[in-house]
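>>> Just a sequence and a predicted model for now, questions to come.
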Amino acid sequence: MATTNQLAICLRRRDHGEHDLLLWLLTPELGKITAIARGARRPRAALIAACQPGTISRCQLATRAGSSSALPVLTQAEIVWSYPAAEADFRPAAARAYLLELVDLALPDPEPQEALYAALAGSLEAVGSAADPAAVVHGFELALLRELGFELSLHGCLACDEALAEGPAVFDPAAGGLLHASHEASDLALPVSPDAVRALRRLAQPAAYEVDLSAIRLPPEIGPVIRDVLRAAIAYHLDLQPRSATLLDEALAGE
Ligand SMILES: [Zn+2]
């Protein structure tokens, strides 16, 4: 047996056979992988805590030498971070479920994902103490699009290259970013205010603007616009409509 040690975020799990669990894990070096946790559903199984979606663990994975088709087996796991046991606020849990589903759906192939791993691990933790969990979620959505090769154009107008200034603008997912509202755009284009444009830029590049995503609070007239823009971009570029988005919207609206 060949063994490897990997930091891993559990994205999803499924019952397998009588006592086992199949796990979908995001690791920095290997990207998204599937592993099997043998006996994890037996009473008092040692590995069960590491098999909760959202938990980050240092995992030992064993692969049978010479067998390229067999799934790696989770043999040991040391928890690095897990959900706080009891959160009175339902929003962080809804936000985490959405982030995990988004990454699970967006990554079909096992390719290295160091930046995405770091972004997901940071976001899972940050939503717990965020002033506005939506800001952390949107920052992650922008990072996901960027890492998968669909960075949104949020500065000059994509049609004429001029600055957007304070005039009316639209976000067109088919064009990949912002345009003056005076240009022809696709049927998918959404109107965006200058304030929404400024907020999108900060969420996309928090380090460049020296802002902390967990401290940003999106005003009520901007939050839904940014949500719709990013959902449209994710649906268009990644062809994804995560089911947990509805639950997230309900949790955020019920504040
Ligand atoms: Zn223009």
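All right, it came through fine.
>>> With adjacent residues omitted, what lies nearest to R41?
Among residues not flanking R41 along the chain, H19 sits closest, at 4.9 Å (Cβ to Cβ, 6 or more residues apart in numbering). Using the backbone N, CA and C atoms, a C-beta is placed for each residue, glycine as well.
>>> Just to check, S244 is in contact with A94?
Yes. Between S244 and A94 there is a contact under Cβ atoms under 8 Å: 7.3 Å.
>>> When these two are compared, which one has more neighbours?
Taking other Cβ atoms under 10 Å, S244 and A94 do not tie; A94 has more neighbours (23 against 17).
>>> what about that one, distance to the ion?
Distance, A94 to the ion, using Cβ to the ion, to the nearest Å: 37 Å.
>>> How about A118: what's its closest non-neighbour residue?
Excluding the flanking residues, the one nearest A118 by Cβ to Cβ, 6+ apart is P28, at 7.3 Å.
>>> count of neighbours near that neighbour?
Around P28 there are 17 residues (other Cβ under 10 Å).
>>> And for T246?
By other Cβ under 10 Å, the residues close to T246 number 12.
>>> For the biggest strand by length in the chain, name the packing helices and strands.
If you go by DSSP state E, the chain has its longest strand at strand 2-16. The elements that strand 2-16 packs onto, with contact taken as 3 or more Cβ pairs under 8 Å, 6 or more residues apart in numbering; DSSP states H and E, are strand 20-27, strand 56-63, helix 91-106, helix 114-126.
>>> in the strand or helix carrying A196, what counts as buried?
Secondary structure assigned from DSSP states H and E places A196 in helix 194-204. With burial defined by 16 or more other Cβ atoms under 10 Å, the residues of helix 194-204 counted as buried are 196-197, 199-204.
>>> Now the two most distant members of these.
Using Cβ to Cβ, the pair of those lying farthest apart is A196 and A204, separated by 12.4 Å.
>>> what does the stretch 151-255 of the chain put close to the ion?
Neighbours of the ion within the stretch 151-255 of the chain, by Cβ under 5 Å from the ion: 157, 159-160, 180.
>>> Give me the subset of those that lies in strands.
Counting by DSSP E, these contribute H180 to strands.
>>> export the residues of the stretch 151-255 of the chain next to the ion to CSV and tack on neighbour count, pLDDT and distance to L230?
Converted to CSV, those look like this (neighbours: other Cβ atoms under 10 Å; pLDDT from 0 to 100; distance: Cβ to Cβ, whole Å):
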residue, neighbour count, pLDDT, distance to L230
C157, 22, 97, 20
A159, 15, 96, 21
C160, 11, 96, 24
H180, 19, 97, 21
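>>> Return the closest of the residues of the stretch 151-255 of the chain next to the ion with respect to D239.
A159 (24.8 Å).
>>> where's R14 relative to the ion, distance?
In terms of Cβ to the ion, R14 sits 48 Å off from the ion.
>>> Oops, could you answer that again for A251 instead?
For A251, the distance to the ion - Cβ to the ion - is 37 Å.
>>> Same check on L152?
Taken as Cβ to the ion, the span from L152 to the ion is 16 Å.
>>> Does that residue touch L145 like I think?
Yes. Here L152 reaches L145: they are 6.1 Å apart, a contact under Cβ under 8 Å.
>>> Please enumerate the shared neighbours of these two.
A233 (Cβ atoms under 8 Å, 6 or more residues apart in numbering).
>>> the domain parsing of the chain - what is it?
For the chain, automatic domain parsing gives the domain ranges 2-81, 91-253.
>>> List the buried residues of the longest strand of the chain.
The neighbour-count check on strand 2-16 (16+ other Cβ under 10 Å) flags 6-13, 16 as buried.
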